[in-house]
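>>> Got a predicted structure here, sequence first:
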Amino acid sequence: MNRRQFLSGGGLAAAAAISSAGCLARPSSPDKEYFVNWARGILNVSWPLSGEDLRLRVIGDTHFTYFDSRDKEYADNYARMSGFGKNLPEEHLPGEAGQEFFEQAISTAAKDNIDAIILVGDILSFPSIANVEYAKKSLDVCGVPWMYIAGNHDWHFEGLEGSSDALRKTWVAKRLSPLYPEGANPMMYSKVVKGVRIVAIDNSTYLISREQVDFWKAEASKGDPIILAMHIPLYVEACGSQYYCGSPKWGAATDGIWEIERRPRWAEKATDETFEFRDAVLSTPNLVGVFTGHIHHAISMRGNGQNMFSVADCRAKRRHLDVTVQKATR
Ligand SMILES: [Fe+2]
């Protein structure tokens, strides 16, 4: 399966774990209930909270395509992605549409009583100065705090030399740093909002490091309700694709798009730490949910009884999800 087929839905057609609307209660935890309505872009979670309700707006894959003469030396490196959506099936909206949705989603956040905006990556299609400036300027005036974590396109100018790790490190430091909260480690950081711990982890190369596994375990062990935000969804068997973090199918043999994206081919297989991370997240008892983007579908998935949500749905012209974590009443 190529990326185009994958993005157009073939990669998820067999995903029995997907549901479009309805309750996703965990049978073993009657005081923890989930209701999702993708048509309206809302998710309500009842949880034994000690404090007030928490409202998050999760936004992913807006794929901005702004550039100007300041990046003319990289013109060849953003040429393909500056036409994002135009060479894909109709439901994949071009970058300009993502910019409009972003503008709308963040300009209404304060009025909608959102406590924090969570940006789960591929907000940009490439790290141009103009893209970063646009995102930062819009976020600065929206009046709501935000957390950002990179996706695989945010830091990628196609065709540059170097490993994915090295390119990410370079371009995150060179261009993306204004998008992170001050002092945050771009690879992993957390923030507690209204008693809920929100952990952002960069898995935009599909791989997780030892440091990130240990960070997750340390954060999860603090015991408060915890949310994980990252770009690439965790693998669940029902989805069966290589385009997930911790997929046993991920590897050089299934990487069909490295030449199109002009990047290094994936390694032979994912690291042990990546599998360990997936297992650790899915066995975290205080996990409220995992929020991701990347696959361009708004879907719920369950793995090991845990609920995970991918927020962007280009078909429904929706690239965000409003999440309310509210105090369970029983
Ligand atoms: Fe992505």
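The structure has been received and is ready for your questions. Numbers count the residues shown, from 1 in each chain.

>>> Which elements pack onto the helix or strand residue 44 falls within?
If you go by DSSP states H and E, residue 44 is part of strand 42-47. Here strand 42-47 touches strand 33-37, strand 287-292, strand 320-327, going by 3 or more Cβ pairs under 8 Å, 6 or more residues apart in numbering; DSSP states H and E. To be clear about C-beta, it is placed using only N, CA and C from the backbone, and glycine gets the same treatment.

>>> Can you tell me what sits against the helix or strand following it?
Sequence-wise, the next helix or strand downstream of strand 42-47 (DSSP H and E) is strand 54-59. Strand 54-59 is contacted by residues 102, 105-106, 109, 112-120, 123, 144, 193-196, 198, 227, 229, 291, 309, 311, 319-326 when judged by Cβ atoms under 8 Å, 6 or more residues apart in numbering.

>>> hmm, try it at 6 Å
105, 109, 113-119, 194, 196, 291, 311, 320-325 (Cβ atoms under 6 Å, 6 or more residues apart in numbering).

>>> Stretch 141-154 too?
In contact with stretch 141-154 (Cβ under 6 Å, 6+ apart) are residues 106, 109-110, 114, 116-119, 121-122, 124-125, 139, 179-180, 200, 202, 204, 229-231.

>>> so which of those residues also contact the ion?
Applying Cβ under 5 Å from the ion, the subset of these adjacent to the ion comprises residue 122.

>>> Out of the contacts of stretch 141-154, name the ones that lie in helices.
Of the contacts of stretch 141-154, the ones assigned to helices by DSSP state H are 106, 139.

>>> could you flag which of the contacts of stretch 141-154 are buried?
Buried members of the contacts of stretch 141-154, counted by 16 or more other Cβ atoms under 10 Å: 106, 109, 114, 116-119, 121-122, 124-125, 139, 179-180, 200, 202, 204, 229-231.

>>> Just these: which are in strands?
Judged by DSSP state E, the buried ones among the contacts of stretch 141-154 include 116-119, 200, 229 as members of strands.
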